[in-house]
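Visitor: Dropping a prediction and its sequence here:
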Amino acid sequence: MCPANTSIESAPAGKIDIVSTAVVDVNQSLKNRFSAIAPVPTSVEQTRLSVKLLKSLTLKHVFNEGVASIRCLAERLCLVGSVVETIVKLLREDALLELSVSRSSGAGVAFALTEQGRQAARDALERSGYLGPAPVPLSDYSAITEHFSLAKCKVGKRAVADLFSGFVIEQSLLDQLGSAFNSRQAIFVYGPAGCGKTYTIKKMAQLFGDACLIPHAVAVDESIIQLFDPQLHVRLPLDEEKDIVRFSETFDKRLIPCRRPIVIAGGELTADLLEVKFDTALKVFQAPLQMKANGGIFFIDDIGRQRVSPQLIFNRWIVPMEERRDYLSLNTGQHFEVPFDVQLVFSSNLDPRELADEAALRRIGFKIMFTHINPNDFHNIWIQELNKRGLTYDQKIVEHVLENLYANSDIALSPCHPRDLINIALTQEIYLRNTEGLSIECINWAWENYFVNTEKLNSLVNVRSI
């Protein structure tokens, strides 16, 4: 396990170090670790990118800015000044850039596009609309992903117990999940709706709280795939020197320090989100979800509810699950492979045998079933939900719920029911301006609103049929 605020016991050599809780130590530890795997490139050659790609991207930035200095371009490209100066020199030799007489500042001499340069920039934008930091080459991305591999993080029983301290959950279930997360094999959690599958997996993901590096973008030859996604990747706030024109002992700014990603896809998941997507309007390649999840967790929730068949989704992972590599392609027909360093988790309230064939299920290492809870656990969860809201516990109310409401129905106890019933009851209490807290009457009202009244529905249907 690699949480940010704990330590690993007897961590083998080569395992990822734990980040200190002190802010200064965090920054220094991360800087040192990142600079080792991603040193600052101080020459065009050290970027491991083609001169053609760097020139094209620089032209687009100058076109976008109108007039740009070395400092400005260094910030836009996330490259140090010595690299940018070389690229600008080459562009001036090609008569694509010229000194600007319209602007000069303390940031240094500014440059503008020549007429030939403007046409070259338009051509570059027509080929690719990407306008961001310089990418890292595919080979470097693979090496960085391997360096921060999730396989180097191990989950321990004590850490799981601490994480779920105060939560009502079976210890045997936690033991299954802890072992499963150590395996790197895919996990399938299943069971009735409302049994806490999604909540528990999201909670387990907090075990991997250390840092990794996510590139802004990855270059596959001359094509650039945008990888960093601010909606999925959480930046780490490091006290870094912002002046990247000068070289300093730090790490490559083409990569962003982030928490390990947690990518969750539900019913909105479609097959195209699992492949490199080309936005025809913006002319930008977007990385697929599993590539954005590298080094972290990819949680496919409610499988069987998507617009694509579950068999298609399972079949998509057969090769990556076995080889730990994923094979992708661009719209140009170019094929390439990337690491598949992902903890893949499926979740469904449907029977797994109805969703996948035996071959697919065999490749999923762990099939973990969530079940309904017992009355004692229900009672404990009820008390916890009251405490969260600062409400007074009344034993008569919860006993009424169990002995009169559940006992006279065919509804099973689920861990989400106490929260939902209390929330709905409180809306009625507010409506009635009752400030004394929960009442049995409002709990009964909540029950009628929360669950489908099948008896009443059937009686209405029968009356209409007569």
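Guide: Yes, it's here.

Visitor: what about the strands in the stretch 201-350 of the chain?
Guide: 211-215, 217-220, 223-226, 255-259, 262-265, 277-279, 284-286, 297-300, 325-329, 335-339, 343-348 (DSSP state E, counting those that start in this stretch).

Visitor: Do I have it right that residue 349 meets residue 196?
Guide: No: assessed by C-beta atoms under 8 Å, residue 349 is found out of contact with residue 196, at 11.5 Å. (Glycine included, C-beta is placed from N, CA and C.)

Visitor: tell me, how many neighbours does residue 68 end up with?
Guide: Using other C-beta atoms under 10 Å, residue 68 is surrounded by 26 other residues.

Visitor: Against residue 127, how distant is it?
Guide: 21 Å (C-beta to C-beta, to the nearest Å).

Visitor: cool, residue 368 as well?
Guide: Distance from residue 368 to residue 127, by C-beta to C-beta: 48 Å.

Visitor: Mind checking which of these two has more residues around it?
Guide: Between residue 368 and residue 127, residue 368 has the larger neighbour count (other C-beta under 10 Å), namely 19 against 13.

Visitor: neighbouring contacts of the helix or strand harbouring that one?
Guide: Per DSSP states H and E, residue 368 falls inside strand 366-369. With contact meaning C-beta atoms under 8 Å, 6 or more residues apart in numbering, strand 366-369 is reached by 173, 176-177, 179-180, 183, 185-191, 352, 361.

Visitor: ok, of these, which one's closest to residue 430?
Guide: residue 191 (33.6 Å; C-beta to C-beta).

Visitor: Surely the closest one touches residue 370?
Guide: Yes: at 3.4 Å, residue 191 counts as touching residue 370 under the criterion of C-beta under 8 Å.

Visitor: residues shared between the contacts of these two?
Guide: residue 197.

Visitor: Those two: who's more crowded?
Guide: residue 370 (23 against 18).

Visitor: surely the more buried one meets residue 174?
Guide: No: counting by C-beta under 8 Å, residue 370 does not reach residue 174; the two are 11.7 Å apart.

Visitor: Which neighbours do those two have in common?
Guide: Counting by C-beta under 8 Å, 6+ apart, nothing touches both residue 370 and residue 174.

Visitor: if we can go back for a sec, tell me the first helix or strand C-terminal of the strand holding residue 368.
Guide: According to DSSP H and E, the helix or strand after strand 366-369 is helix 375-389.

Visitor: Does anything pack onto that next one? Which helices or strands?
Guide: Secondary-structure packing of helix 375-389 (3 or more C-beta pairs under 8 Å, 6 or more residues apart in numbering; DSSP states H and E): helix 395-400, helix 417-431.

Visitor: ranking the ones you listed by burial, who's on top?
Guide: Mean neighbour count (mean count of other C-beta atoms under 10 Å) peaks for helix 417-431 among those, with a mean of 18.

Visitor: show me where pLDDT drops low in the stretch 251-400 of the chain?
Guide: Applying pLDDT under 70 to the stretch 251-400 of the chain flags no residue at all.

Visitor: Relative to residue 315, which of the helices and strands packed on helix 375-389 is closest?
Guide: Using C-beta to C-beta, the nearest of those to residue 315 is helix 417-431, at 36.1 Å.

Visitor: picking that back up, partner strands of the strand holding residue 368 and their direction?
Guide: Partners of strand 366-369 in the sheet, by DSSP bridges, are strand 187-190 (parallel).

Visitor: Other residues contacting the partner strand?
Guide: 177, 180-181, 197, 200-201, 343-352, 361, 364-370.

Visitor: ok, of these, which come out buried?
Guide: With burial judged by 16 or more other C-beta atoms under 10 Å, the buried subset of the contacts of strand 187-190 is 177, 180-181, 197, 200-201, 343-349, 352, 364, 366, 368, 370.

Visitor: and which of the contacts of strand 366-369 is nearest residue 273?
Guide: residue 186 (17.9 Å).

Visitor: Please report how far that closest one lies from residue 160.
Guide: 19 Å.

Visitor: what does residue 402 give?
Guide: In terms of C-beta to C-beta, residue 402 sits 29 Å off from residue 160.

Visitor: Which one of these two is surrounded by more residues?
Guide: With neighbours defined as other C-beta under 10 Å, residue 402 and residue 160 compare such that residue 160 has more, 21 against 15.

Visitor: Regarding the more buried one, which helix or strand does it belong to?
Guide: Counting by DSSP H and E, residue 160 is found in helix 157-163.

Visitor: Can you spell out which helices and strands pack onto that helix?
Guide: Partner elements for helix 157-163 (3+ C-beta pairs under 8 Å, 6+ apart): helix 171-183, helix 197-204.

Visitor: in it, what's buried?
Guide: Buried, per 16+ other C-beta under 10 Å, within helix 157-163: 159-160, 163.
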